[in-house]
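I need the structure of the sequence given here:
(one chain, ligands or ions: 1)
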Amino acid sequence: MEEVTLEQVLAAQDARTQRQNALLERYHMPVISFSMNLPGPVKDSPLIRRAYFTGRDTLLKSLRDECIKVLRKEETLAATGFEIQIAVKEEALTVKKLCVQIEDATTLGRLFNMDVLAADASKLDREEVGGSERGCIVCGAAGRGCASRRAHSVEELQAAARRIMVEYYAKADRQDVADKVTAALLEEVYTTPKPGLVDRANTGSHSDMTIETFERSAKALKPYWAHCVETGQKTAGAAPDETFSQLRELGKAAERDMLAATGGVNTHKGTIFTLGTVCGAIGRLWKAETPYSDVETITSECAAMTKAAVKADFAALTPDTARTTGEKLYLESGLRGIRGEMADGLLSVKNIALPMLHDAMEAGYNRNRAGVYALLALIARGRDTNMIARGGRKRAAVASKWAEELLFCCDFPPLTAVEVLNRKFVAENLSPGGCADLLATAYFLDSI
Ligand SMILES: [Zn+2]
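Prediction:
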């Protein structure tokens, strides 16, 4: 991180004034000047950039939303600071009011300087549009008292500014994850046609759930994903399996919320485990500068979090204690289902679903159709314990073979062939629910 000298800062301020004056002379309209309000000699870092772009994009979006015409924008990205000057066709007071609203809307806004110059070059005060004096970022005292007395050291001020940014993004990113997971769950259920599964055309092999059941479930689970990320963030310093044991408790509560929303139908039980773990891993790896790690790092973290617990779970199983179908299957055949998949680092998402999704999109298919192919590829792999639980091992193996044959004939088979496959799955009462969870996980990982 480069430190800038006082001379550089002063020169940058001069240059800014010149640009503002040029815009005022050319348009005779108000000019918004947005820059970051940061103490100390460092004006550029990955986190500062992120905050600046958040402020700039919020400002430009607000201008669009209010139908305020932008006459010209001039942006400067320099070591002395990032700034944008925007000449707008609107009353200065209206524009200032909007800027104060943005400054006050979030904690991050405390670091935004959104000055407004009227056409006559006079600078408007926050108070003119009902705004209050801004408080000290360290102690919260109103007014410029602390600054004029130099009540806090530069280090204290810098630490406070950093804390504002980190805390803001920690929360904003949790929300972003929750939004993206929810979108991925809906994208999965809307993907059509899906053999044996609920989609936009029919309810597959299910008589107890519809697309609305999944929509209600996805809505009810939304807060859970943010909690999982938060758990990851808070336990990032602890051992990976500590995060996982806390996630398990959250998962039980999420299951109750799901059942309450669906009237007792299991729509997303597998997803609560799969994507809950992924969200926890994202939280553990989270940094305000880089909210999302790459897929490889996230899936490795998932493996680190779950390996010991999954091993212990299976080791403790006896014919008397095995309760779920998955547990009984493990004792019979050693199939570890989704838990084993997770402990191995989501290999089928990484090596099968995501590459298929990308290949199909590269071949020109839309996301729906690419998702259908990713699902077929997952079914063809034949590890879906849901399918075995419903239809027995033999019929599940036959079903996987059907999917495999379809993909063997043609890289991207026609959807009518997938519809035929759906009818065969329904006739056999087969439902690859585990593959659907992995498809949702692939959609989510693709979206970050
Ligand atoms: Zn203070």
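
which residues of the stretch 101-250 of the chain lie near the ion?
For the stretch 101-250 of the chain, the residues in contact with the ion under the definition Cβ under 5 Å from the ion are 136, 138-139, 141, 146. (C-beta placed from N, C-alpha, C; glycine too.)

give me the three-state assignment for residue 120.
Reducing the assignment to helix, strand or coil with DSSP: H, G, I helix; E, B strand; the rest coil, the entry for residue 120 is coil.

quick check: phi and psi at it.
Dihedral pair for residue 120: phi -90, psi 10, per degrees, to the nearest 10.

in helices, which of the residues of the stretch 101-250 of the chain next to the ion appear?
With DSSP state H as the criterion, helices contain residue 146 from among those.

show me which of the residues of the stretch 101-250 of the chain next to the ion are buried.
Of the members of these, the ones counted as buried by neighbours, 16 or more other Cβ atoms under 10 Å, are 136, 138, 146.

mind listing what's buried in stretch 283-294?
For stretch 283-294, the buried set under the neighbour-count rule, 16+ other Cβ under 10 Å, comprises 283-288, 291-293.

same thing with stretch 66-82?
68, 74, 80-82.

which ones are touching the residue in the stretch 201-350 of the chain that the ion sits nearest to?
Using Cβ to the ion, the closest approach of the stretch 201-350 of the chain to the ion is made by residue 288 at 23.1 Å. Residue 288 makes contacts with 47, 50, 165-166, 169-170, as judged by Cβ atoms under 8 Å, 6 or more residues apart in numbering.

contacting residues for the residue of the stretch 151-300 of the chain found nearest the ion?
Per Cβ to the ion, residue 151 is where the stretch 151-300 of the chain lies closest to the ion, at 5.0 Å. Residue 151 makes contact with 136, 138-139, 141, 145 under the criterion Cβ under 8 Å, 6+ apart.

what do you get if the cut-off is 10 Å, keeping everything else the same?
By Cβ atoms under 10 Å, 6 or more residues apart in numbering, residue 151 lies in contact with 136, 138-139, 141, 145, 157.

still on that earlier bit, give me the three-state assignment for the residue of the stretch 201-350 of the chain closest to the ion.
At residue 288 the chain is in coil, as set by three-state DSSP.

one more: residue 7?
Of the three states, residue 7 takes helix under three-state DSSP.

tell me how many other residues surround it.
Close neighbours of residue 7, defined as other Cβ atoms under 10 Å, add up to 8.

and if you look at the one 4 residues further on?
The number of residues packed near residue 11 is 13, by other Cβ under 10 Å.

now it: how far from residue 37?
19 Å (Cβ to Cβ, to the nearest Å).

residue ranges for the helices of the stretch 301-448 of the chain, please.
With DSSP state H, counting those that start in this stretch, the ranges of helices along the stretch 301-448 of the chain come out as 325-333, 337-343, 347-348, 354-362, 367-381, 385-409, 415-427, 433-447.

which secondary element of this structure has the worst mean pLDDT?
For the chain, using mean pLDDT, DSSP states H and E, the weakest element among its helices and strands is helix 325-333, scoring a mean of 80.

next one: stretch 59-78 to chain centre, how far?
Centroid separation for stretch 59-78 versus its chain: 26 Å, with Cα atoms, centre = their mean, to the nearest Å.

that stretch: end-to-end distance?
One end of stretch 59-78 to the other measures 20 Å (Cα to Cα, to the nearest Å).

what stretches of the protein score poorly on pLDDT?
Applying pLDDT under 70 to the chain flags residues 1.

all strands for the stretch 1-150 of the chain, in order.
31-36, 69-78, 81-89, 112-117 (DSSP state E, counting those that start in this stretch).
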